[in-house]
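# Next comes the sequence, and after it the predicted model I'd like to discuss.
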Amino acid sequence: MDSDISNLIKKGNELMLDCKFEESLSYFDQALLLQPNNPDLLNKKGVVLRSLGRYDEAIECFNKSLQLDPRDLDSS
């Protein structure tokens, strides 16, 4: 399962860097099904949602990420 999630995150990151945000979001959503409380994944999803102009959803992801792991109070 670890390799599955690693592959999903890797593909999501690649698509995000290529500005293919809808596709990237799909991969991050799939990864979140496997690890719903992963703060780093939630942050990545928030970045993609922000890039898509879906600001309310992005804020929800960022807030949940910070609730799970408040180590980075300056995140996104």
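Yep, that arrived.
# what comes up buried for the longest helix along the chain?
For the chain, the longest helix by residue count, based on DSSP state H, is helix 2-17. Using 16 or more other C-beta atoms under 10 Å as the test for burial, helix 2-17 gives 5, 8-9, 11-12, 15-16. Quick note: C-beta positions are derived from backbone N, CA and C, even for glycine.
# Closest one of those to residue 52?
Distance to residue 52 across the buried residues of helix 2-17 (C-beta to C-beta) is lowest for residue 16, with 10.8 Å.
# The nearest residue to that closest one once chain neighbours are set aside: which element?
Among residues not flanking residue 16 along the chain, residue 24 sits closest, at 4.2 Å (C-beta to C-beta, 6 or more residues apart in numbering). Using DSSP states H and E, residue 24 sits within helix 21-34.
# continuing past that helix, what's the next helix or strand?
Of the helices and strands lying after helix 21-34 in sequence (DSSP H and E), the nearest is helix 39-51.
# pLDDT (mean, whole number) over that next one?
For helix 39-51, the mean pLDDT works out to 96.
# buried stuff in it?
The neighbour-count check on helix 39-51 (16+ other C-beta under 10 Å) flags 39, 41-50 as buried.
# just stretch 24-42 next, same as before
24-28, 30-32, 35, 38-39, 41-42.
# And for it, what's in contact with it?
By C-beta atoms under 8 Å, 6 or more residues apart in numbering, the residues outside stretch 24-42 that reach it are 1, 4-5, 8-9, 11-13, 15-16, 44-45, 48-49, 52, 61-62, 64-66, 68-69.
# Quick one: end-to-end distance for it.
Start to finish, the residues bounding stretch 24-42 are 13 Å apart (C-alpha to C-alpha, to the nearest Å).
# returning to that earlier point: would you list the buried residues of helix 2-17 in JSON lines and tack on pLDDT?
What follows is these, written out as JSON lines (pLDDT from 0 to 100):
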{"residue": "5", "pLDDT": "93"}
{"residue": "8", "pLDDT": "97"}
{"residue": "9", "pLDDT": "96"}
{"residue": "11", "pLDDT": "97"}
{"residue": "12", "pLDDT": "97"}
{"residue": "15", "pLDDT": "98"}
{"residue": "16", "pLDDT": "97"}
